[in-house]
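K.L.:
Everything below, folded, please.
(one chain, ligands or ions: 2)
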Amino acid sequence: MFFLRNNGNAAAMNIGLMGGTFDPIHMGHLVTAEEARQQFDLNYVIFVPTGTPPHKEKETISLPEHRYLMTSLAVMSNPYFFVSTVEINTEAPTYTIDTVRHFSGSEKEGPEVYFITGADAILEIFTWKDYEELLRLCTFIAVSRPGYSLDRFRETLNRAYPEMVNKVHLLEIPALAVSSTYIRERVALGKTIKYLTPEPVEQYIKKHGLYLSG
Ligand code: ATP
Ligand code: MG
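P.N.:
Ligands and ions are numbered 1, 2, ... in the order given. Down below sits the predicted model:
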């Protein structure tokens, strides 16, 4: 991808990946990505909307086109943020391991990949496909999220995977209890979602009548 070039010195690149359904993207995602970018000195953060998520019911999720466009609208004003179509362009369910392989490239001097997840997602990592290879290929930034404690996760990691401990960084961010589910529920109830998601996303949701039926 064109924006992954860094004057020919790819070795110096740190890229952040943030996977998600983004149905819709909201301030919790954006604040998390921006904080990770700054604290881990990431050159870019690439948002990767899922195509057919293996863990979620297909029928209840908005079309990939909608989720991709809303994510693009949300990142427009941040010069460090990009959106990738790598997962939504694939028919079959895609796994994080495939996406990370895609971005880390085959050469030794590929970018250093940081995968940003919320606390709820990282707690499930040991159920993910090829998670041991995944932990070798990238570093995880696990972000605090209201309602999820990372203490037990930290214990499990220390006990069962001591060699992986330095591959998972825990990042505390100011608590943002917003979730996509909360936004969808509010839209269905006719409640305002202003300031929970960027304004262009709010307009997009209105224009296309998304989430009206809950
Ligand atoms: P849903 O309610 O539909 O599950 P969500 O708000 O959890 O949506 P996802 O698209 O599922 O959003 O999440 C993408 C990634 O962003 C996950 O790693 C998730 O943990 C993280 N994330 C979502 N919201 C927050 C938040 N408020 N703070 C920190 N991380 C978050
Ligand atoms: Mg979620």
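
K.L.:
Spell out which parts of the protein neighbour ligand 1.
P.N.:
20-23, 28-29, 32, 117-118, 120-121, 143, 145, 176, 178-181 (Cβ under 6 Å from any ligand atom). (Each C-beta comes from the backbone N, C-alpha and C, glycine too.)

K.L.:
Run the chain-centre distance for the lowest-mean-pLDDT helix or strand in the chain.
P.N.:
In the chain, the helix or strand scored least confidently by mean pLDDT, DSSP states H and E is helix 151-160, which has a mean of 83. The chain centre lies 22 Å from the centre of helix 151-160; the measure is Cα atoms, centre = their mean, to the nearest Å.

K.L.:
Same question for stretch 184-197.
P.N.:
Taking the mean of its C-alpha atoms, stretch 184-197 sits 21 Å from the chain's own mean (Cα atoms, centre = their mean).

K.L.:
ok, of the residues of the chain next to ligand 1, which come out buried?
P.N.:
For the residues of the chain next to ligand 1, a burial check counting by 16 or more other Cβ atoms under 10 Å picks out 20-23, 28-29, 32, 117-118, 121, 143, 145, 176, 178-180.

K.L.:
the strands in this protein, which residues?
P.N.:
Per DSSP state E, the chain carries strands over the ranges 14-20, 44-49, 81-83, 112-118, 139-143, 168-171.

K.L.:
tell me which residues of the fifth one are tucked away?
P.N.:
For strand 139-143, burial by neighbour count (16+ other Cβ under 10 Å) applies to T139, F140, I141, A142, V143.

K.L.:
out of the residues you listed, who's nearest G209?
P.N.:
V143 (31.6 Å; Cβ to Cβ).

K.L.:
Hmm, that closest one is touching Y114, no?
P.N.:
No: with the criterion set as Cβ atoms under 8 Å, V143 and Y114 do not qualify as a contacting pair; they are 11.5 Å apart.

K.L.:
anything in contact with each of these two?
P.N.:
Residues touching both V143 and Y114 by Cβ atoms under 8 Å, 6 or more residues apart in numbering: A36.
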